[in-house]
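**Student:** the sequence and its predicted three-dimensional model are supplied below.
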Amino acid sequence: MKIYADNAATTKMSENAIHTMVSLLEDSWGNPSSLYAHGQMAKEVLEKARADVAAVIGASPDEILFTSGGSEADNQALRSVAELGRKKGKMHIISSAFEHHAILHTLERLKKEDFEVTLLDVHENGLILPEEVEAAIREDTCLVTIMFANNEIGTIQPIREIGRICREKNVLFHTDAVQAVAHVPINVKEDNIDLLSASAHKFHGPKGVGFLYAKKGIRLTNLIEGGAQERGRRAGTENVPGIAAMAEALKETSSRMDENTAHLTKMRDKLISGLAEIPHSALNGDATHRLPSNVNFCFEGIEGESLLLLLDDKGIQASSGSACTSGSLDPSHVLLAIGRVHDVAHGSLRLCLGEDITEEQVDYIIKSVKDVVSYLRGFSPVWRDLMSGKARFIL
Ligand SMILES: *Cc1c(COP(=O)(O)O)cnc(C)c1O
């Protein structure tokens with residue numbers, strides 16, 4: 001059996017998105033900035049995609065800026081609001097400890113440029129409390145940036161409430177919604193979102209394409225200088241086939257959200273109950289406020305990497321917190337943020353299911369993980385110490 005269960009890392013492109021992309025590569029390869037018919041055809045494709053993307057999240061087309069993906073959108077959102085803040089003497093930013101590195105590393109850079117950053121603690125269940133955001137807001141706060149859904153443990157934050165507080169306090173609110181767009185309902189107006197980042201390859205579109213939503217009136221700072229593309233906010237000839245394929249994938253995946261959610265939630269909960277039978281294991285993140293596709297466990301006494309390799313032998317492609325920063329042995333900053341100690345965080349497994357997952361496949365995953373965990377524990381010195389009482393169990 002072959003099961004791809006790493007859909008938080010990337011997703012397979014949909015047939016329709018591939019078709020859209022290939023046919024545009026063949027037929028609509030003009031430069032959208034050119035005035036002759038072939039260029040204008042590409043321009044129409046581009047603007048149709050912009051309108052489609054905007055409609056899905058409840059924005060207007062001129063609030064959508066196409067980027068090279070989620071990382072660029074995150075960088076541009078943070079840089080832009082920081083610049084606006086600097087002009088008003090507001091140089092304090094609020095975020096959380098378990099954001100994606102596109103956010104955390106940008107914040108590190110901003111700190112070197114004299115901004116002050118408050119990283120809110122994440123609770124054990126992987127959630128951030130709106131009242132803690134409220135308490136952290138100061139006179140000089142220019143931005144709150146909190147991710148919509150976490151990419152490792154899948155927890156979904158109370159975005160609408162956080163957005164409401166930011167509006168009340170007159171602070172701009174950005175959300176990295178890369179894991180959430182097309183998978184959970186989002187309406188930027190109802191959810192009080194000022195800026196939002198998304199990436200096509202997380203919803204069955206191509207890699208290297210994404211978008212930034214910025215509410216009308218928010219002045220964006222360019223990361224890339226040059227021509228006047230994207231109304232002067234991002235230079236460079238637009239990736240028309242990629243952008244159109246993104247719009248296609250976004251419409252398609254969003255239109256199936258209800259059925260996908262119903263099916264995935266059932267499969268996720270079955271997988272969670274099955275894996276919870278493994279002794280000294282624990283689910284990471286809240287059981288219900290989480291993406292319907294996400295399962296993330298810690299197993300005491302084993303190494304995540306060995307677990308992944310043995311599961312790969314059984315045809316199951318998954319990931320581990322520590323594998324994210326591949327090459328480094330640091331455990332996941334997300335698992336540490338929810339209070340897992342190093343040893344436990346090392347034995348983590350993330351399974352992110354695809355919409356086509358079947359009940360038989362879930363059964364196979366449960367059996368395989370059980371087998372591999374007990375096999376690895378069989379010769380783990382850490383496990384031996386735990387069993388003999390030399391070390392104490394944490395889970
Ligand atoms: C994947 C991901 C990103 C980065 O998106 P890219 O398009 O790969 O740059 C940012 N934030 C989150 C939460 C992600 O899951």
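**Tutor:** Good, I have the coordinates. Numbers count the residues shown, from 1 in each chain.
**Student:** where along the chain do the helices fall?
**Tutor:** 15-27, 37-57, 70-87, 101-112, 130-136, 159-169, 229-232, 240-255, 257-276, 304-313, 333-337, 342-346, 359-378, 381-388 (DSSP state H).
**Student:** closest point of the stretch 201-350 of the chain to the ligand, which residue?
**Tutor:** Of all residues in the stretch 201-350 of the chain, residue 210 sits closest to the ligand, at 5.0 Å by C-beta to the nearest ligand atom. Every residue, glycine included, has its C-beta placed from N, CA and C.
**Student:** surely that residue and residue 199 touch.
**Tutor:** Yes: the pair residue 210 / residue 199 is scored as a contact, 4.0 Å apart, by C-beta atoms under 8 Å.
**Student:** what's the overlap in contacts for these two?
**Tutor:** Listed contacts common to residue 210 and residue 199 are 69-70, 73, 178; contacts here mean C-beta atoms under 8 Å, 6 or more residues apart in numbering.
**Student:** before we move on, back to that, show me what the residue of the stretch 201-350 of the chain closest to the ligand is bridged to.
**Tutor:** Residue 210 has the following beta-bridge partners by DSSP bridges: residue 67, residue 199.
**Student:** buried ones in the least confident helix or strand in the chain by mean pLDDT, by neighbour count?
**Tutor:** Taking mean pLDDT, DSSP states H and E as the measure, helix 342-346 is the helix or strand of the chain with the lowest mean score, a mean of 89. For helix 342-346, the neighbour count (16 or more other C-beta atoms under 10 Å) marks 343-346 as buried.
**Student:** go on, stretch 179-191?
**Tutor:** Judged by neighbour count using 16+ other C-beta under 10 Å, the buried positions of stretch 179-191 are 179-184, 186, 188, 191.
**Student:** swap in stretch 302-318?
**Tutor:** 302-304, 307-308, 310-311, 314, 316, 318.
**Student:** switch these over to a markdown table; also include distance to the ligand and pLDDT.
**Tutor:** Formatted as a markdown table, those follow (distance: C-beta to the nearest ligand atom, whole Å; pLDDT from 0 to 100):
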| residue | distance to the ligand | pLDDT |
| --- | --- | --- |
| 302 | 25 | 93 |
| 303 | 24 | 91 |
| 304 | 18 | 91 |
| 307 | 22 | 95 |
| 308 | 19 | 96 |
| 310 | 26 | 97 |
| 311 | 21 | 97 |
| 314 | 26 | 98 |
| 316 | 21 | 98 |
| 318 | 16 | 97 |
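**Student:** for this protein, what lies in contact range of the ligand?
**Tutor:** Proximity of the chain to the ligand (C-beta under 6 Å from any ligand atom) is limited to residues 69-71, 74, 100, 102, 147, 151, 176, 178-179, 199, 201-202, 210.
**Student:** nearest residue to residue 179 in space, please, no chain neighbours.
**Tutor:** In space, and not counting its chain neighbours, residue 179 is closest to residue 149: 4.2 Å by C-beta to C-beta, 6 or more residues apart in numbering.
**Student:** hang on, I meant residue 361
**Tutor:** Excluding the flanking residues, the one nearest residue 361 by C-beta to C-beta, 6+ apart is residue 3, at 5.2 Å.
**Student:** contacts only, for the one you found.
**Tutor:** 315-317, 357, 361, 364-365.
**Student:** low-confidence regions, the stretch 251-395 of the chain specifically.
**Tutor:** Applying pLDDT under 70 to the stretch 251-395 of the chain flags the ranges 322-329.
**Student:** if we can go back for a sec, between the contacts of residue 3, which is closest to residue 59?
**Tutor:** Distance to residue 59, by C-beta to C-beta, is smallest for residue 357 among those, at 31.1 Å.
**Student:** what number of residues lie near the residue lying closest to the closest one once chain neighbours are set aside?
**Tutor:** Residue nearest to residue 357 in three dimensions, not counting chain neighbours: residue 267, with 5.1 Å by C-beta to C-beta, 6+ apart. Residue 267 is flanked by 22 other residues according to other C-beta atoms under 10 Å.
**Student:** I'd assumed residue 353 was in contact with residue 267.
**Tutor:** Yes: contact criterion C-beta under 8 Å: residue 267 and residue 353 qualify, at 5.7 Å.
**Student:** overlap in contacts, these two.
**Tutor:** Shared contacts of residue 267 and residue 353, defined by C-beta under 8 Å, 6+ apart, comprise residue 362.
**Student:** thanks a lot, see you next time.
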